[in-house]
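Asker: No sequence on hand, only this structure:
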């Protein structure tokens, strides 16, 4: 017999299960019946909490978007030059994805499916990096600490380096990288990025 | 609204930039001086509360109106 949960607990459990299924198969690859079956309840129970599958999908995206990493420690726990802070931020982010790669899977699916909430994911999870890189690149270029790479291109380059690494390491578990710790790979990607923008580390 | 010595506009920016900017601005203050910070990052309240706990500066005010946050922080001698 299914345990009777309070409405908030039931809603949270639906979102948790739906997240795993949507992350694996995308919006179109999962039916309400399947989610209900996995939860051990009837589809009617799901419809008590969400009007439609789309509304449930948006709730899952909102939930993921709301789990943004805190970069306070990254900002305050060591040298505050651009390269050092960026490296610590990259570690915070990659650790978070390693613990819960469903977020990246959802991001991939939602981009392909054109979900309206996709923007939310980018705003919440990548904006810390794009803001930090774009604003810093302008300031540092004027001081000759980085080259004149377009700040938006620099930001995209960094996101690409990180995203590809995390796909390979945390989503499709590429054989090539399986014996190299994620931390080491992140260090290498950040190093590559800093080299590309000709970052001059303060001595 | 309290008086303040300098103002930092971090609207439109996500953490860690507002925090790094605040840290840099507070470094230029003398003990007891006050900085006013404007921000729009939804995580700003948690971020600036943690920032003050970690740095020892005093969070005097924290307000939110229509998605915009305003903080006043006093530089503390132990910060």
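Answerer: Structure received. This is a predicted model, so every value here is computed, not measured.
Asker: Residues of chain B that sit close to chain A?
Answerer: For chain B, the residues in contact with chain A under the definition CB under 8 Å from any CB of the partner chain are B:13-17, B:19-20, B:23-24, B:43, B:46-47, B:50-51, B:54-55. Bear in mind the C-beta positions are built from the backbone N, C-alpha and C, glycine included.
Asker: Tell me which other helices or strands the lowest-mean-pLDDT helix or strand in chain A touches.
Answerer: Taking mean pLDDT, DSSP states H and E as the measure, the helix or strand of chain A with the lowest value is helix A:118-121, at a mean of 73. Identification of packing neighbours for helix A:118-121 by 3 or more CB pairs under 8 Å, 6 or more residues apart in numbering or on different chains; DSSP states H and E yields helix A:53-65, helix A:102-113.
Asker: Would you convert those into a markdown table that also reports mean neighbour count?
Answerer: What follows is the helices and strands packed on helix A:118-121, written out as a markdown table (neighbours: other CB atoms under 10 Å in any protein chain shown):
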| stretch | mean neighbour count |
| --- | --- |
| helix A:53-65 | 19 |
| helix A:102-113 | 19 |
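Asker: And the ones you listed: which comes nearest chain B?
Answerer: Proximity to chain B (CB to the nearest CB) singles out helix A:53-65 among those, at 10.0 Å.
Asker: near chain B at all, the closest one?
Answerer: No - counting by CB under 8 Å from any CB, chain B is not contacted by helix A:53-65; separation bottoms out at 10.0 Å.
Asker: I'd like the mean pLDDT over that helix, please.
Answerer: Looking at helix A:53-65 alone, the average pLDDT works out to 85.
Asker: ok, residues contacting the following helix or strand past it?
Answerer: Going down the chain from helix A:53-65, the next helix or strand is helix A:72-76, by DSSP states H and E. Taking contacts as CB atoms under 8 Å, 6 or more residues apart in numbering or on different chains, the residues outside helix A:72-76 that touch it are A:85, A:88-89, A:91-92, B:15-16, B:19-20, B:23, B:47, B:50-51, B:54-55.
Asker: Just name the lowest-scoring one in the residues you listed, pLDDT-wise.
Answerer: residue B:15 (88).
Asker: rewinding a little: what comes up buried for the least confident helix or strand of chain A?
Answerer: In terms of neighbour count (16 or more other CB atoms under 10 Å in any protein chain shown), helix A:118-121 has its buried residues at A:118, A:120-121.
Asker: ditto for stretch A:156-167
Answerer: Burial within stretch A:156-167, assessed by neighbour count using 16+ other CB under 10 Å, is assigned to A:157-159, A:161-163, A:165-167.
Asker: Point out where chain A drops to low pLDDT.
Answerer: Low-confidence regions of chain A, defined here as pLDDT under 70, cover residues A:1-3, A:115-117.
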